[in-house]
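**Student:** Below: sequence and its predicted model.
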Amino acid sequence: MEGGREMTALHILSDSNIGGAGKWLLTLCKNKRDYDAAVALPDGAAMAEPLKKAGAAVYQLNASKDKSFSFKDLSVYKKTIKKIKPDIVHTHGSLSGRIAAKLTGVKTVYTKHTMNEPRRGLKRFLALTLEKWLDSEVIAVSEATRANLIENGIKAQKITVIMSGTDKIERYDAETRKKYRNEYGIEENAFAAGIIGRLAKVKAHHVFLGACRHVDNAVFLIAGEGEEEAGIKACARELGIYDKCVFVGHVEPADIIYNMIDVCVSSSVSETFGLTLCEAMSLGIPVISTKSGGPQEILDDKSGVLVGTGDSAAISRALNELKNNKNKYKEMSEAAYARWQGHFSAERFARDVNKFYESISLKK
């Protein structure tokens, strides 16, 4: 940059809780190189302290929580942008932030963390008219997300795919693992399969539980919070496996959860990427996932098992094989770690984002 100063990227995130976008941003801030990171959050956002610890300059604003657009927020974000004078404004689910950046003449980027149903008719026309005016660059977290963006009319040349990455999960020693398992009522040598994420319909926990019904001598850990918690617990009771399930809620650090499980399962209907799968793989934990988008780009036939969406039977077969075949488990564990290390590390991810920032800073 001019005068030798480092480039500044201002991130705008409206989430009140820690979700996929927040984890993406936190990983980036922990591993960033050669530029300064500032983050604008609504007052009271859960991401504030973790981001401060990661070295980001955090601005807590009187802005709407969990809301993409509000007229009130435009002036709040414009004032903040003028104060910070960033070279790039990078938004995460904040249309207000993108518009404010456009109105202040700053280059804008947004990361697409979710997939949307195809727009039709007037809604599509209005959305694309706004997109043309905003003229933002887009980061897609997977090829599946890129395809979804193009389906909704975003020009392919505006999209850059940067596969997300994760920090390596800390491996606990045997005594520490035993301690946490005891706290949650899991026997030291029990085979434990875990599903980690929001307790939401899109995660299809009932498919996971349907598979668990056919796996003997095992424990099933469900980590996360959300609106479907009561329904998921009722499903476990109906299937007669509630006493084999351990509902742990939200646990920090997440390392605790990964160190308690032997296999990580995703039964989602749709996933833009699959950060929890990568985190599990960084610890050498085999993964079983539905073919729901992002996971098909994360896993190959050595590092995990891919099954059709809704296929409880296939998940149960894979769980039983990994539980009963130690050689198969060892091979998949080693392959999972190698694939994470080669493709999904936080270092690779942050390096790719840095190159992307450099490329767009040169555009007129």
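**Tutor:** Yep, that arrived. The structure presented is a predicted model; accordingly, all values stated were derived computationally and were not measured. Numbers count the residues shown, from 1 in each chain.
**Student:** Outline the domain layout of the protein.
**Tutor:** Each domain of the chain is listed here as a residue range: 2-165+346-361, 174-343, per automatic domain parsing.
**Student:** could I get these as CSV with mean neighbour count and mean pLDDT?
**Tutor:** The way it works is simple: take the backbone N, C-alpha and C, and place the C-beta from them, glycine included. Compiled in CSV, the domains of the chain are given as follows (neighbours: other CB atoms under 10 Å; pLDDT from 0 to 100):
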stretch, mean neighbour count, mean pLDDT
domain 2-165+346-361, 18, 94
domain 174-343, 19, 97
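**Student:** Let me know the secondary structure of Gly231.
**Tutor:** For Gly231, the secondary structure call by DSSP: H, G, I helix; E, B strand; the rest coil comes out as helix.
**Student:** next one: the one 4 residues further on
**Tutor:** State at Cys235, reduced to three classes by three-state DSSP: helix.
**Student:** show me what contacts it?
**Tutor:** His205, His206, Leu209 (CB atoms under 8 Å, 6 or more residues apart in numbering).
**Student:** what about stretch 79-92, start to end distance?
**Tutor:** 19 Å (CA to CA, to the nearest Å).
**Student:** Name the residues that touch it?
**Tutor:** So stretch 79-92 is in contact with 1, 7-15, 21, 24-25, 38, 40, 59, 61, 97-98, 100-101, 104, 106-111, 113, 357, 360-361, going by CB under 8 Å, 6+ apart.
**Student:** which phi and psi does Gly105 have?
**Tutor:** Backbone geometry at Gly105, expressed as degrees, to the nearest 10, gives phi 80, psi 30.
**Student:** do you know how far it is from Lys155?
**Tutor:** Distance of Gly105 to Lys155, computed by CB to CB, to the nearest Å: 22 Å.
**Student:** again with Lys123
**Tutor:** Going from Lys123 to Lys155 by CB to CB gives 18 Å.
**Student:** Residues touching the longest helix anywhere in the chain, excluding its own?
**Tutor:** Of all segments of type helix in the chain, defined using DSSP state H, the longest is helix 326-343. Contact with helix 326-343 is made by 163, 166, 168, 262, 278, 280-287, 298-300, 302-305, 321-323, as judged by CB under 8 Å, 6+ apart.
**Student:** can you check stretch 298-311 too?
**Tutor:** With CB under 8 Å, 6+ apart as the test, stretch 298-311 has contacts from 204, 207, 268-269, 273-274, 277-278, 281, 286-292, 295-296, 314-315, 318, 331-332, 335-336, 338-339, 343-344.
**Student:** same deal with stretch 224-233?
**Tutor:** 195-201, 203, 205-206, 209, 222, 242, 245, 247, 249-250.
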